[in-house]
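Asks: Have a look; sequence and predicted model below, questions after that.
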Amino acid sequence: MVSDRAMRTMIGLCTVILIAAALRAADTVFAPIAVALFVIALVRPVQRGIQPRAGAAAAALATMLLALVAVAALAVLSAWAFGRVGQWTIVNAAALQALYVQKLALLQDAGIPAEAMAGLFDMRLMVRLAQQVTAQLQGVLSFTVVTLVFVILGLLEVDVARRQLEALRDSPAAAALLRAASRTAAKLRAYMAVRTAMSILTGLAVWAFARVMGLELAEEWGLIAFVLNYIPFIGPLVATVFPTAFAALQFGTWQVAVTVFAALQVIQFLSGSYIEPRVAGRRLAVSPFLVLVAVFLGAFLWGIIGAFIGVPILIAILYICDEFEQSRWAARLFSGLDAEPVMRRDSCGTGSA
């Protein structure tokens, strides 16, 4: 009996590893599909509202155009902010390198060995970094085009898939999947609404603080904080470290850099650890440990896109697990709530997906 259980466990682990390897090897296929399903869940209410008056095809097209405008606006703002930071870095690279060498000399005069740090900052490195950012932006553009194709095809077929599942009345698994899809879509919309509100609040706070401090590129830092806040843990950290490094180089004192770092950390803490949990409440309860695992695992599999989509995938997996008796324990264990009934069916509503 023990050997059978151990064998099943080993087979399960091997299956998970093989699936992860397949997802990473075929990221150009699976990543756009995952993001497309996420977008469909977000814009589905718009399609349901338009479809009775305009028809299925027109509703799908109008919904896709709405999603395209939203994604394009976010992409343009992100490209502008990161591009401005990169351009500013390249233009001021010589002055920044001179300041860097000056600070190293001060460290050496104080008896602190700094020879190993002499080659860490270089103009050529800044140019290569800007070129890499440009290449990444081009990759995101092609990824967006493929994703939008999946979105419009999915919007055209989502009602067909729902009716197919509803027709399988004698199949408990079909009914469970339909309920899981409905609950997952509702929770993803709530998740993105809260995340967007907190991202806007964080971006405004970072912009206001940068203006008060006299930090250059204040608008850009605010936009970068807004965009990166959609990626839990990693995004806020990057949005804090970059302005801190620039503050150290711009003002030339470690006291200002520490002040900037501390203030940005307070902003991120108040937004992510104090305000957001109170706004979200129990509806978005997920184990913080599992959220961090989802972000890092997603980044490992699919890069920045995976870091963004990791938490929505985690939410979908937990709701699917909650619909089946054999896996319900996992959904409750990783919900982040105390030992009581969790993920109640009425917590996010049961409207059609």
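Replies: Done, it's in. Predicted model only: the values in this text are computed from it and were never measured.

Asks: tell me the SS of Trp230?
Replies: You called it Trp, but residue 230 is Tyr. coil (DSSP: H, G, I helix; E, B strand; the rest coil).

Asks: and it, what does it touch?
Replies: By Cβ atoms under 8 Å, 6 or more residues apart in numbering, Tyr230 lies in contact with 195, 199, 308. Any C-beta I mention is one placed from the backbone N, CA and C, and that applies to glycine too.

Asks: Make TSV out of those and add secondary structure and distance to Val293.
Replies: TSV is the format used below for the contacts of Tyr230 (DSSP: H, G, I helix; E, B strand; the rest coil; distance: Cβ to Cβ, whole Å):
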residue	secondary structure	distance to Val293
Arg195	helix	18
Ser199	helix	22
Phe308	helix	15
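
Asks: Most neighbours among those residues, please name it.
Replies: Counting neighbours by other Cβ atoms under 10 Å, Phe308 leads the contacts of Tyr230 with 22 neighbours.

Asks: Surely it touches Ile234?
Replies: No: the pair Phe308 / Ile234 is not scored as a contact, 9.7 Å apart, by Cβ atoms under 8 Å.

Asks: Now do the buried residues in stretch 329-336.
Replies: 331-332, 334-336 (16 or more other Cβ atoms under 10 Å).

Asks: pLDDT added to those, as TSV?
Replies: Listed next are these as TSV, based on pLDDT from 0 to 100:
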residue	pLDDT
Ala331	78
Arg332	79
Phe334	75
Ser335	71
Gly336	65
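
Asks: Gly303: what's it in contact with?
Replies: So Gly303 contacts Asp27 (Cβ under 8 Å, 6+ apart).

Asks: Surely Gly235 and Ile224 touch.
Replies: No: in terms of Cβ under 8 Å, Gly235 does not count as a neighbour of Ile224; the distance is 9.3 Å.

Asks: quick one on the thing from earlier: out of the contacts of Tyr230, who's nearest Arg44?
Replies: Arg195 (17.8 Å; Cβ to Cβ).

Asks: Not including adjacent chain positions, what is the nearest residue to that closest one?
Replies: Tyr230 (5.9 Å; Cβ to Cβ, 6 or more residues apart in numbering).

Asks: Can I get the contacts of Tyr230 in CSV including distance to Glu325?
Replies: As requested, those are exported to CSV (distance: Cβ to Cβ, whole Å):
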residue, distance to Glu325
Arg195, 31
Ser199, 37
Phe308, 32
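
Asks: quick one: secondary structure of Tyr191?
Replies: Secondary structure, three-state DSSP: Tyr191 is helix.

Asks: For it, grab the count of nearby residues.
Replies: The number of residues packed near Tyr191 is 20, by other Cβ under 10 Å.

Asks: Pull up the gap between it and Ala180, please.
Replies: 15 Å (Cβ to Cβ, to the nearest Å).

Asks: Also Phe296?
Replies: On the measure of Cβ to Cβ, Phe296 and Ala180 end up 25 Å apart.

Asks: ditto for Ala205
Replies: 36 Å.

Asks: who's in contact with Pro52?
Replies: Pro52 touches nothing, counting by Cβ under 8 Å, 6+ apart.

Asks: Repeat that for Ser327.
Replies: Ser327 touches 320-321, counting by Cβ under 8 Å, 6+ apart.

Asks: could you redo the last one with a cut-off of 10 Å?
Replies: 317-318, 320-321 (Cβ atoms under 10 Å, 6 or more residues apart in numbering).

Asks: who wins for most neighbours among these?
Replies: These, ranked by neighbours (other Cβ under 10 Å): first place Leu318, 26 neighbours.

Asks: Can you tell me the element the spatially closest residue to that residue that is not a sequence neighbour falls in?
Replies: By the measure of Cβ to Cβ, 6+ apart, the closest residue to Leu318 outside its immediate chain neighbours is Ala331, 4.8 Å from it. Assigned by DSSP states H and E, Ala331 belongs to helix 328-333.

Asks: That helix - contacts with which helices or strands?
Replies: helix 288-322 (3 or more Cβ pairs under 10 Å, 6 or more residues apart in numbering; DSSP states H and E).

Asks: Report the central residue of this protein.
Replies: With distances taken as Cα atoms, centre = their mean, the residue of the chain nearest its centroid is Phe308 (2.3 Å).

Asks: Would you check that that one makes contact with Phe143?
Replies: No: in this structure Phe308 lies outside contact range of Phe143 using Cβ atoms under 10 Å: 11.5 Å.

Asks: Can you pull the residues that touch both of these two?
Replies: Joint contacts of Phe308 and Phe143 (Cβ under 10 Å, 6+ apart) are 35, 302.

Asks: Now do stretch 202-209: distance to the chain's middle.
Replies: In this view, stretch 202-209 has its centroid 19 Å away from the chain centroid, taken as Cα atoms, centre = their mean, to the nearest Å.

Asks: State the mean pLDDT of stretch 176-190.
Replies: Across stretch 176-190, pLDDT averages out at 87.

Asks: same question, stretch 270-278
Replies: Here the average pLDDT along stretch 270-278 is 72.

Asks: What of stretch 222-238?
Replies: On average, stretch 222-238 scores 86.
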